[in-house]
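What follows is a predicted structure for the sequence shown.
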Amino acid sequence: MAAEEAGVVGRAPVCLCVLCGLPAAGKSTLARELLSTAARRGWRAGLVPYDDLIPEQAFQTRVLEDGAKLQEMHTEWKLHRQAVLRCIEQFLEKPQALAEMQSSCQINIAAWERCIQALLQPEALDRTQAERAPLLFLLDDNFYYPSMRYEVYQLARKVNQSRSEPIPTEVILEMVKRLESPNPQKNSWEAHSISVNTTAKLSECDIQSVMELISSALSNPLSPVEDNTEQTEADRLKCATSVVHQADQACRRLISEAMKTARENQVPPEHMRSLATQLNESKATFLQNLRRQLLQEASFTQEEDIDVERVVKRAVDVFDRERKEILSTITNENK
C-alpha cells in the first residue's frame with residue numbers, strides 16, 4: 001500500500017507493507033531480510049513491531065474470556081493498534097516532532113524511537129539522497145482480520161522480533177481459526193498481497209518477489225481518500241441491521257430449544273414462564289448491545305465486504321452460553 005508524501009517527508013514515495021501471519025510464522029525473519037535488501041537499494045526502511053510498541057497488558061486479549069470483559073479488553077487493544085497508525089501518520093507529517101505525539105500514552109515511546117531511528121538517520125545516504133529515497137514501513141503483526149489490514153489501507157490513502165515469551169499453543173490454535181488471509185478477489189484493496197512460505201529458509205526468490213511487490217506499490221500510489229461519509233454510514237446501518245436480524249432469528253431458535261428441553265425435564269408451568277421471561281429479556285439486551293457495538297465500532301464500506309454469517313455465529317455463541325446458564329439454573333431448581 002503506497003502513498004506519495006509530497007512536501008512532508010521530502011517528495012519521497014512511501015510504502016506501508018503489512019506482514020500478516022500467525023505468531024512464530026517467520027514474519028520477523030522475513031522483515032530482517034527485507035530491511036537488508038531495502039538498504040542495499042538505497043531505501044529508508046523501518047520495522048514497526050506491534051508486540052514491542054503496544055503495552056503488554058493490552059495483549060491480555062489472548063486470554064480467552066467471555067462477555068463484557070472480553071469486549072472491554074478488545075476495545076482497549078483496538079485503541080492501542082490505532083495509536084500505532086497515528087504515530088506513523090504523525091511521523092510522515094512531522095518527522096522530527098516526536099515530543100508532540102498525542103498517542104504517547106498508548107504506545108512504548110522508546111520502542112517507537114527505535115523504529116524510526118533508521119528512517120531519520122539512514123546510513124550511507126546524504127541528506128539530499130535521504131529526502132528522495134523511498135520510505136518503507138514494515139508493519140509486523142498478526143493482522144488476522146481484514147478490518148485490521150483495511151485500517152492500514154485507509155492510512156495509505158489518507159497520506160497520498162524475537163519473542164521473549166513463547167505464546168501458548170492453545171492461543172495459536174485459536175488464532176488459526178480466526179486468521180483470514182488476504183483475499184484480493186474479495187477485497188480489491190488487498191490487490192498488493194503476496195503469500196510467502198516460511199516453513200523453510202527464505203530463498204532469494206522469496207525476497208525478490210516481496211521486493212517487486214513493494215516496488216509495484218511504490219510506483220502505483222493509492223488515490224486520496226474521498227469524502228464518502230454518508231455512504232459509509234448507510235453501509236454501516238445496512239450491515240448492522242442484517243447482522244442483528246439474523247442473530248435475532250438464531251436466538252429465537254435457541255430459546256425454543258431451551259423451552260423444549262425444560263418441558264422434557266418436567267419443569268413446572270410457573271418456572272417455565274420464568275424461564276421464558278428470562279430468556280427473552282436476555283435476548284433483548286444481547287441484541288441491543290450487539291447493534292450498538294456494530295454501529296459504534298465496526299468499519300464497513302463498499303470496498304470491504306463483511307462476512308455476516310461469521311459475525312452472527314460469533315455473536316450468537318455469546319448468547320448461547322448465557323442461555324445455557326439460565327436453563328441450567330431453572331432445571332437444577334426443580335430437581
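That came through, no problem.

Every contact and neighbour count from this point should use C-alpha atoms.
Will do.

Name the helix or strand for the most centrally placed residue in the chain, please.
The centre of the chain sits closest to M148, judged by C-alpha atoms, centre = their mean, with a distance of 2.7 Å. Assessed by DSSP states H and E, M148 sits inside helix 146-158.

So what's the gap between that helix and the chain middle?
On the basis of C-alpha atoms, centre = their mean, to the nearest Å, helix 146-158 sits 10 Å off its chain's mean C-alpha point.

quick one, domains of this protein?
Annotated domains of the chain cover 2-219, 229-333 [automatic domain parsing].

Mind putting the ones you listed into CSV with mean pLDDT?
Below are these laid out as CSV (pLDDT from 0 to 100):
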stretch, mean pLDDT
domain 2-219, 76
domain 229-333, 82
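
For the stretch 1-150 of the chain, just list every one of the strands.
Using DSSP state E, counting those that start in this stretch, the strands of the stretch 1-150 of the chain run over residues 2-4, 13-19, 44-49, 135-140.

And the second one, what does it pack against?
Packing contacts for strand 13-19, counted by 3 or more C-alpha pairs under 8 Å, 6 or more residues apart in numbering; DSSP states H and E, involve strand 2-4, strand 135-140, helix 146-158, helix 204-219.

and the angle for the third one with strand 135-140?
Which is helix 146-158. For helix 146-158 against strand 135-140, the angle by axes from the mean of the first three to the mean of the last three C-alpha atoms, to 10 degrees is 170 degrees.

Check which helices and strands helix 146-158 sits against.
Applying 3+ C-alpha pairs under 8 Å, 6+ apart, we find helix 146-158 packed against strand 2-4, strand 13-19, helix 67-93.

Kindly calculate the angle that the second one makes with strand 44-49.
Using the same axes, to 10 degrees, the inter-axis angle of strand 13-19 relative to strand 44-49 is 30 degrees.

Send me strand 13-19 as CSV with only the CA atoms.
Output of strand 13-19 as CSV, limited to C-alpha atoms (Å, rounded to 0.1, in the frame of the first residue of the first chain):
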residue,chain,number,x,y,z
PRO,A,13,7.2,7.8,-2.1
VAL,A,14,6.0,5.9,1.0
CYS,A,15,5.0,2.2,1.3
LEU,A,16,3.2,0.6,4.2
CYS,A,17,3.9,-3.1,4.0
VAL,A,18,1.7,-5.3,6.2
LEU,A,19,3.4,-8.6,7.3
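
Contacts for it next, please.
Strand 13-19 has contacts (C-alpha atoms under 8 Å, 6 or more residues apart in numbering) with 1-5, 27, 132-143, 149, 152, 156, 214, 217-218, 221.

partners of that strand, with directions?
Each strand paired with strand 13-19, and its direction, by DSSP bridges: strand 2-4 (antiparallel), strand 135-140 (parallel).

Now do that strand against helix 204-219, angle only.
Interaxial angle of strand 13-19 relative to helix 204-219 (the same axes, to 10 degrees): 130 degrees.

just how off-centre is strand 13-19 within its chain?
From the chain centre to the centre of strand 13-19 is a distance of 16 Å (C-alpha atoms, centre = their mean).

what packs against the strand or helix carrying T331?
For T331, the element it lies in under DSSP H and E is helix 308-333. For helix 308-333, the packing partners by 3+ C-alpha pairs under 8 Å, 6+ apart come out as helix 229-264, helix 269-297.

T331: which of the ones you listed is closest?
Nearest to T331 among the helices and strands packed on helix 308-333 is helix 229-264; the distance by C-alpha to C-alpha comes to 6.7 Å.

buried sites along that closest one?
For helix 229-264, burial by neighbour count (16 or more other C-alpha atoms under 10 Å) applies to 235-237, 239-240, 243-244, 246-248, 250-251, 254-255, 258-259, 262.
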